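[1] next one to model:
(2 chains)
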Amino acid sequence: MVRHCTIRSVDQVARNTYLLSFEDADLCRVVRAGQFLEIKVTQCTDILWRRPFSIHDTHPQKNTVDILFHAVGPATRTLAQLTAHAELNILGPLGNYFRYEQNVREAIVVAGGLGIAPFMLMMRELQERGIAMRLFYGTGRSDQFCRLEEFEKYAALHLSTVDGSRGYQGVVTDMLSDYLDQSAHHHDSSLYVCGPTAMLRAVKEIANRFNMAAQVSVETIMACGFGACVGCAVPMTTPIPGQKYFMACKDGPVFDIREITIDD
Amino acid sequence: MIDLSVHIGSLALQNPVMTASGTFGYADEFKEICDLNDIGAIITKTVTPHPRPGNPPRRIVELPYGMLNSIGLPNVGVESFIIEKMPFLQTLKTNVIINVAGTDEEGFVFCVQRLEDVSGIAGYELNFSCPNVKGGTSFSSDPGIAERVTRNVRKTTRRPIIAKLTPNVTSISEIGRACENGGADAVSAINTVVGMAIDIKTRRPRLSTGTGGYSGPAIKPIALAKVFELSRCLSIPVIAIGGIACAEDAIEFLIAGATAFQVGTVNFYEPDATMTIKKGLEYYCQKNNIQKIADLIGSIQLKEMAK
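    Below you'll find the predicted structure:
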């Protein structure tokens, strides 16, 4: 359904990264971690499509929902400039969500850059289920990390930066691989993953090597977000007759990493 | 009360708002957003004789005022379509038109034949824009083939037939006339305009297939010229398609000679556009003291036109 929501706040939380909070009493109670919203940035007339955003967090006591985004194009740059009381035209909640197996002892969350976005809500869901968490979070440089003090409340943090300005120097998947090599307990751990394509490809290899379950939230170009345009094709690992692609918007955005081929 | 009804041959529409094939799924995607029975006619995503997986990503590109697509007609095939998609469509009170395509001439007849015994179908739209055709000739650009396919489908069904035309030809009216001669009840125009975009960093085409179909507000002037041309040279109704995003756009097409119109790309980003446009038509008629929207059709004033 199309929702008309009012912005409560827009705050910069890291280099070029913004946390936008808007009011919707219904939405903040029904969404699940991993689902997304399609926002029509009506204040920006240079673009056609809505823009998809992961749901970052919800605050039922305040009736608000948060999204986290980088200001990279005309739509997100416009969003970053909006202030309290501005109106947003929102479609959602859309897509599927992360699933939690009963027998999982520990959730290992792997986030690259803005791939951190869906995990605040997820960590709250996991905490309610009493599942322990570890967050492997990688960025290019230290000023790109966002909301670490919040994430620290839920999970043991393992940070990496490409330039070595904080934590492990290198990519997050190398840090993950080193950790799993030394950990004896990964058999009953599950991976929850979101980040750039190269990272997803590395995680797929790691999940395979350590025989671990992994759920991945994919990011694709979408014109609609609800199954009408069929633009967001994600290749299946094992095609079935007449079908080679999932739709990220309806079959996903969360997939079992074994089910999908990670392409460029 | 404004009378919004129009007729496409034997097909009565409560209003001229239709949905363009490939932009409205099989309607159930929109059931929580639109009152589907308030739409004049719903045209489904293309159905082909056999299942098609569609093209590899990347399938869509957003451009200023338009978008490119190369989706590749993914669908479950006509047999599964009847089982999986028709039950929902049969619950609708409005007209449901099935868009069909074949990769060869027989494919069109095959689909229509298979759908003939299925209830809840108001008519067919023939997608004459399929790129992969036997002999390398497109249905859309050869009037002889377009006429033959239309005639063969005509022999197969008494339900209304709409021939969907491409603008990517030298003379769209020549193809339109061929479809009329073949027995089409109406033509719809235009399908997407062939277009391309290139990533200047990688120097690769931005679509996996190189070129694709350009749609959205950017193509409206092209569509308007084609609809105007067709409506002046055909005696069957013309259904307008191309960049219609608001009631004002639609009214231009009706004035140019379209009997009805299809709402396409806008459904992706304003999924309730059909509802807004229908309301906008009523408002325009009220404001301009028009009792019957049919009176607008072809009401263009040409006195000042040169040529």
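[2] contacts and neighbour counts: CA atoms only from here.
    Will do.
[3] can you list the residues of chain A near chain B?
    Contacts of chain A with chain B, taken as C-alpha under 8 Å from any C-alpha of the partner chain, map to A:1-2, A:40, A:46-50, A:221-224, A:226-235, A:241-245.
[4] would you list the buried entries among those residues?
    A:2, A:40, A:47-50, A:221-224, A:226-235, A:243-245 (16 or more other C-alpha atoms under 10 Å in any protein chain shown).
[5] mind listing the helices for the stretch 1-150 of chain B?
    B:78-80, B:86-90, B:105-115, B:143-156 (DSSP state H, counting those that start in this stretch).
[6] show me what contacts the residue lying closest to residue B:217 once chain neighbours are set aside?
    Spatial nearest neighbour of residue B:217, chain neighbours left out: residue B:243 (3.9 Å); criterion: C-alpha to C-alpha, 6 or more residues apart in numbering or on different chains. With contact set as C-alpha atoms under 8 Å, 6 or more residues apart in numbering or on different chains, residue B:243 has these partners: B:215-220, B:223, B:249, B:263-266.
[7] now do residue B:23
    Residue B:23 neighbours (C-alpha under 8 Å, 6+ apart): A:228-229, B:45, B:264-265, B:267-268.
[8] where in the chain is pLDDT low?
    Went with chain A since none was named. A:264 (pLDDT under 70).
[9] if you could check chain B rather than the one you did, that'd help
    Chain B contains residues with pLDDT under 70 at B:130-138, B:304-307.
[10] residues from it in reach of chain A?
    Residues of chain B found near chain A (C-alpha under 8 Å from any C-alpha) are B:22-25, B:29, B:32-33, B:50-54, B:56-60, B:62-66, B:69, B:71, B:76, B:267-269.
[11] which pair in the contacts of residue B:243 spans the largest distance?
    Farthest pair in the contacts of residue B:243 (C-alpha to C-alpha) is B:223 and B:266. Separation: 15.2 Å.
[12] circling back to that earlier point, inside strands: which ones of the residues of chain A next to chain B?
    If you go by DSSP state E, the residues of chain A next to chain B have A:2, A:40, A:233-235, A:243-245 in strands.
[13] out of those residues, who's nearest chain B?
    Closest to chain B out of these is residue A:243 (4.5 Å), distances taken as C-alpha to the nearest C-alpha.
[14] who does the closest one form a beta bridge with?
    On the basis of DSSP bridges, residue A:243 is bridged to residue A:240.
[15] surely it meets residue B:52?
    Yes. Under the criterion of C-alpha atoms under 8 Å, residue A:243 makes contact with residue B:52 at 6.9 Å.
[16] of all the ones in strands among the residues of chain A next to chain B, which comes closest to residue A:153?
    The nearest member of those to residue A:153, counting by C-alpha to C-alpha, is residue A:40 at 33.2 Å.
[17] buried subset of the residues of chain B next to chain A?
    B:22-25, B:33, B:50-54, B:56-60, B:62-63, B:65-66, B:69, B:71, B:76, B:267-269.
[18] which SS class is the one residue in the stretch 201-307 of chain B that gets nearest to chain A?
    Here the stretch 201-307 of chain B gets closest to chain A at one residue, residue B:268, 4.4 Å apart by C-alpha to the nearest C-alpha. Reducing the assignment at residue B:268 to three states with DSSP: H, G, I helix; E, B strand; the rest coil gives helix.
[19] mind listing what the residue nearest to it when sequence neighbours are not counted touches?
    Nearest residue to residue B:268 in three dimensions, chain neighbours excluded: residue A:224, at 4.4 Å (C-alpha to C-alpha, 6+ apart). Shown in contact with residue A:224 (C-alpha under 8 Å, 6+ apart): A:38, A:49-50, B:267-269.
[20] can you tell me which two in these are farthest apart?
    Spanning the widest gap among the contacts of residue A:224 are A:38 and B:267, at 13.2 Å by C-alpha to C-alpha.
[21] distance between the helix or strand containing residue A:255 and the chain's centre?
    When elements are assigned from DSSP states H and E, residue A:255 belongs to strand A:254-256. Distance of strand A:254-256 from its chain centroid, counting by C-alpha atoms, centre = their mean, to the nearest Å, is 12 Å.
[22] gap between the spatially most central residue of chain A and residue A:234?
    In chain A, the centroid-proximal residue (C-alpha atoms, centre = their mean) is residue A:118; its distance is 3.4 Å. Distance from residue A:118 to residue A:234, counting by C-alpha to C-alpha, to the nearest Å: 19 Å.
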